[in-house]
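In: return a 3D structure for these sequence lines:
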Amino acid sequence: MRSWLSLNMSCLACCGGEDTERAPDSGGTYPGGYPARNDAYRAADPTPRGAQPVKVQPIAVPTIPVEEIREVTNGFGDAALVGEGSFGRVYYGVLKNGRSVAIKKLDSSKQPEQEFLAQVSMVSRLKHDNVVELLGYCVDGNTRILAYEFATMGSLHDMLHGRKGVKGAQPGPVLSWTQRVKIAVGAAKGLEYLHEKAQPHIIHRDIKSSNVLLFDDDVSKIADFDLSNQAPDMAARLHSTRVLGTFGYHAPEYAMTGQLSSKSDVYSFGVVLLELLTGRKPVDHTLPRGQQSLVTWVNIYIGMFYSVINKLPLHIWNVLLWFCLANKVRAIRCL
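Out: Now for the predicted structure:
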């Protein structure tokens, strides 16, 4: 029985096979009247000496004028600031077409413009119900801006623990089990899409509750992966020496070696599932030592569970097995 439970816990580290489904390559017209920038992104930056030129496919979302972005964010003022992500500040704005957007002003970078646009091109093709959609972008000198669909319900972190970075922030309403299952399944589908169906496959590197955004009707979507690490060279992406992500969510092998795989994301997603199940933060320094890490705390209880179930007589096992199978059928019907 111990091995069966271990197998089910270890399934968090599994990943699926290949899928060659591709998103459309065509651009289009922005609802506000701006043409999709399919042929206007020839970068002024020369390719660094010795580097391979980056092949840029057409970008499937439009440019947004920097003047409009400044206008709808009041010049990137504090009143429009809604948070700070892993790679820049995020502002709320309503574009001239009436669409509410999360405007991410990226931190300064020495990354060549052509390389950045190649990454924008790739992200613009990500089309899935559980991945936050890129709606537009802007390059103005060294200023680089991405406009995403706005999460009406905030992030899963905000819902469970209160708004991130705000002292004394209170969590949202307690989620029902039906809501938790729907959020978990939606986020899992988004991660599966990035790993197995997006072309090229994408490793997020920073799966955490604040990067699971919530929309109306408890729809969850994966957000905020690092563009700079979606290099065309798969080997370069998988063997980066720089460990990214958030403490408490790191897979042990990634934290120790820096070697990355889709399983690193799946481990982090497992921590998010524990967070969703227990309502606890991945690391809580207000708790006694030995209980601060969510994963460590859960493992203690799993060990206690093993010590109890291994002593149960066979007829009790039969009752438990029947109960588990019956509830599994009910759970499948809920999905």
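In: what's the burial count for residue 144?
Out: 23 (other C-beta atoms under 10 Å). The C-beta positions use only the backbone N, C-alpha and C, and glycine is treated the same way.
In: and it, which helix or strand is it part of?
Out: Here residue 144, judged by DSSP states H and E, is contained in strand 143-149.
In: give me the next element, helix or strand, following that strand.
Out: By DSSP H and E, the next helix or strand past strand 143-149 is helix 156-161.
In: which residues touch that next one?
Out: 153, 164, 169, 171-173, 175, 183, 187, 208-210, 212-214, 220, 272, 275-276, 279, 281 (C-beta atoms under 8 Å, 6 or more residues apart in numbering).
In: quick revisit: give the pairing partners of the strand holding residue 144; include direction for each.
Out: When pairing is defined by DSSP bridges, strand 143-149 lines up against strand 100-106 (antiparallel), strand 134-140 (antiparallel).
In: ok so, going back, give me the buried subset of the contacts of helix 156-161.
Out: The neighbour count (16 or more other C-beta atoms under 10 Å) marks 153, 164, 172, 175, 183, 187, 208-210, 212-214, 220, 272, 275-276, 281 as buried among these.
In: can you tell me which of those are in helices?
Out: Among the buried ones among the contacts of helix 156-161, DSSP state H puts 183, 187, 272, 275-276 in helices.
In: residue 125: which of those is nearest?
Out: Comparing those against residue 125 with C-beta to C-beta picks out residue 187 as the nearest, at 20.4 Å.
In: dump the residue contacts of the closest one.
Out: For residue 187, the contacting residues are 130, 156, 212, 220-222, 269, 272, by C-beta under 8 Å, 6+ apart.
In: of the residues you listed, closest to residue 66?
Out: Taking C-beta to C-beta as the measure, residue 66 lies nearest residue 221 of the contacts of residue 187, at 26.4 Å.
In: quick one, phi psi at residue 172?
Out: Taking degrees, to the nearest 10, you get phi -80, psi -170 for the backbone angles of residue 172.
In: need the pLDDT of residue 327.
Out: Residue 327 is assigned 62 on the pLDDT scale.
In: whoops, residue 164 was the one
Out: Residue 164 carries a pLDDT value of 75.
In: surely it is in contact with residue 155?
Out: Yes: with contact defined as C-beta atoms under 8 Å, residue 164 counts as touching residue 155 (7.2 Å).
In: any common contacting residues for the two?
Out: Residues touching both residue 164 and residue 155 (C-beta under 8 Å, 6+ apart): residue 210.
In: helix, strand or coil for residue 191?
Out: helix (DSSP: H, G, I helix; E, B strand; the rest coil).
In: that one: how many residues sit nearby?
Out: For residue 191, using other C-beta under 10 Å, the count is 24.
In: same question, residue 137
Out: 25.
In: just checking, it touches residue 121?
Out: No: contact criterion C-beta under 8 Å: residue 137 and residue 121 do not qualify, at 9.9 Å.
In: just checking, what packs against the helix or strand hosting residue 120?
Out: Assigned by DSSP H and E, residue 120 belongs to helix 113-124. Packing contacts for helix 113-124, counted by 3 or more C-beta pairs under 8 Å, 6 or more residues apart in numbering; DSSP states H and E, involve strand 134-140, strand 143-149.
In: rerun at 7 Å
Out: strand 134-140 (3 or more C-beta pairs under 7 Å, 6 or more residues apart in numbering; DSSP states H and E).
In: quick one: neighbours of residue 98, just the number.
Out: That count, for residue 98 with other C-beta under 10 Å as the rule, works out to 8.
In: for the residue nearest to residue 179 when sequence neighbours are not counted, give me phi and psi.
Out: Leaving aside its chain neighbours, residue 179 sits nearest to residue 218 (5.0 Å; criterion: C-beta to C-beta, 6 or more residues apart in numbering). Backbone torsions of residue 218, given as degrees, to the nearest 10, read phi 60, psi 30.
In: any idea how far residue 212 is from residue 218?
Out: Using C-beta to C-beta, to the nearest Å, we find residue 218 at a distance of 11 Å from residue 212.
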